[in-house]
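1. show me how the following folds:
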Amino acid sequence: MTGTRRAAMFAMVLCALALSIAVPLRTYLSQRDELRDVGSEQQKLREQVAALEQRKAQLQDPAYVEIEARKRLHWVRPGETPYIVQLPGDESRNTESERPSGKPAAQGSWYEELWESVTHK
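-> Numbering: from 1, shown residues only. Sure, this is the predicted structure:
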């Protein structure tokens, strides 16, 4: 009988140890996974910040801004003649919907239009 009692006591102590270790171990493992996820998210955010800083540096360059305005907004300098080249297959494209604004080209300078918009309202 003493052997059975000893085995039962040993089993109870073993179960108590297993339960007392299981909860902290589970917490440690879940926090480690969460830390790894946060670390990868932080790395992604660092990459985004670096890309945005590079974009900011590009936009501070007047030559780059002019290139982007010419390319995206189809801006031309006074005295230049704009040309639109159509490639084969472009007949089906709706170029009017791709224009930056729906209003027609300006007749006067930008400050004359601004003054007229202020005085007419």
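
2. may I have the predicted confidence score for the residue most central in space within the chain?
-> The centroid of the chain falls nearest to residue 48 when counting by CA atoms, centre = their mean (6.6 Å). Looking at residue 48, its pLDDT reads 96.

3. separation between it and residue 41?
-> 11 Å (CB to CB, to the nearest Å). (C-beta placed from N, C-alpha, C; glycine too.)

4. measure stretch 93-109 end to end?
-> Distance between the boundary residues of stretch 93-109 (CA to CA, to the nearest Å) amounts to 31 Å.

5. I'd like the next helix or strand past the longest helix that the chain contains.
-> With secondary structure taken from DSSP state H, the chain has its longest helix at helix 2-59. Note on helix 2-59: by DSSP states H and E, the next helix or strand toward the C-terminus is helix 62-73.

6. that following helix versus helix 2-59: what angle between them?
-> Orientation check (axes from the mean of the first three to the mean of the last three CA atoms, to 10 degrees): helix 62-73 against helix 2-59 gives 90 degrees.

7. what mean pLDDT does the helix or strand just after helix 62-73 get?
-> Remark: after helix 62-73, the chain's next helix or strand is helix 110-119, criterion DSSP H and E. The average pLDDT within helix 110-119 is 82.

8. for burial, what's the neighbour tally of residue 44?
-> 10 (other CB atoms under 10 Å).

9. how close does it sit to residue 50?
-> In terms of CB to CB, residue 44 sits 11 Å off from residue 50.

10. next one: residue 85
-> Distance from residue 85 to residue 50, by CB to CB: 36 Å.

11. okay, these two: which has more neighbours?
-> The residue with more neighbours, out of residue 85 and residue 50, is residue 50; 10 against 5, by other CB under 10 Å.
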